[in-house]
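**Student:** Generate coordinates for the sequence data below:
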Amino acid sequence: LSGAYDHYRGEIYLDGEPAHIRSPKQSKTYGIQMVYQEVDTALVPYLTVGENIMLEQLAHHMGRKQFINWKALHKQASAILTSLHVPISSHQRVEELTLAQKQMILIARAISNQCKCLILDEPTAPLSQKETEELFRLIRLLKEQSVSIIFISHRLLELFEICEGISVMRNGELLMKE
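**Tutor:** Modelled structure (predicted):
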């Protein structure tokens, strides 16, 4: 679904229409965003929070522009953080953030790209109970904004708390759906 593997079998349907996803870029055109559990590999530590949130726009949507409007970039990133109720300055450097804050930045980046479906891979694995509660608050907020969430976890109690439906899979096979 995220486009990480182009050699799958089966079909993908989004809103009742077939979707052909063979790369992460194609996945993103459908509004699918993925946040992997290794958050540090997805962020550039020496850049600011704002630059990391807007990184894909900077890389893919600049066209022939030769300059960056830094004030507008930080204003847009700050607006996204505010909409998610994440109290982090867009000017702060990512290397200064906690692991939980970095995860929030990746979610903010996903939302900045017209996210319709957010896939979270083991998002609570490195988080404390308080940080997990904050992540769940954010997930509930995104749900209210009609963002679909796929929450991958081995922690069953969390699944029962946050999920509307649960599917158990092993080796690509559906074992149970509730």
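
**Student:** how close does residue 170 sit to residue 176?
**Tutor:** Going from residue 170 to residue 176 by C-beta to C-beta, to the nearest Å gives 10 Å. To be clear about C-beta, it is placed using only N, CA and C from the backbone, and glycine gets the same treatment.

**Student:** ugh, typo on my part, it should be residue 39
**Tutor:** Computed as C-beta to C-beta, the residue 39 to residue 176 distance reads 29 Å.

**Student:** try residue 75
**Tutor:** Going from residue 75 to residue 176 by C-beta to C-beta gives 46 Å.

**Student:** Of residue 39 and residue 176, which one has the most company?
**Tutor:** Higher neighbour count among residue 39 and residue 176: residue 39, with 21 against 9, using other C-beta atoms under 10 Å.

**Student:** Secondary structure class of the nearest residue in space to the more buried one that is not next to it in sequence, three-state.
**Tutor:** Spatial nearest neighbour of residue 39, chain neighbours left out: residue 102 (4.5 Å); criterion: C-beta to C-beta, 6 or more residues apart in numbering. With DSSP: H, G, I helix; E, B strand; the rest coil as the basis, residue 102 sits in helix.

**Student:** got the contact list for residue 102?
**Tutor:** With contact set as C-beta atoms under 8 Å, 6 or more residues apart in numbering, residue 102 has these partners: 39-40, 43, 94.

**Student:** Which parts of the protein are strands?
**Tutor:** 12-14, 17-19, 32-35, 117-121, 148-152, 167-170, 173-177 (DSSP state E).

**Student:** Which parts of the fourth one count as buried, going by neighbours?
**Tutor:** Going back to what we said before, that points to strand 117-121. 117-120 (16 or more other C-beta atoms under 10 Å).

**Student:** before we move on, back to that, reformat the contacts of residue 102 as TSV; add distance to residue 27 and pLDDT.
**Tutor:** Compiled in TSV, the contacts of residue 102 are given as follows (distance: C-beta to C-beta, whole Å; pLDDT from 0 to 100):
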residue	distance to residue 27	pLDDT
39	19	87
40	22	88
43	19	95
94	24	97
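
**Student:** can you redo the residues you listed as a markdown table with distance to residue 19?
**Tutor:** Output for those, formatted as a markdown table (distance: C-beta to C-beta, whole Å):
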| residue | distance to residue 19 |
| --- | --- |
| 39 | 27 |
| 40 | 30 |
| 43 | 28 |
| 94 | 32 |
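
**Student:** Emit the ChimeraX select command for whichever of those are buried.
**Tutor:** Command for ChimeraX that selects the buried part of the contacts of residue 102, burial taken from 16+ other C-beta under 10 Å:
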select :39,43,94
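
**Student:** quick one, helices of this protein?
**Tutor:** 24-29, 39-42, 49-53, 55-60, 70-83, 99-111, 129-144, 156-162 (DSSP state H).

**Student:** Pull out the buried positions in stretch 86-106.
**Tutor:** Buried residues in stretch 86-106, defined by neighbour count with 16+ other C-beta under 10 Å: 86, 88, 90, 94, 97, 100-106.
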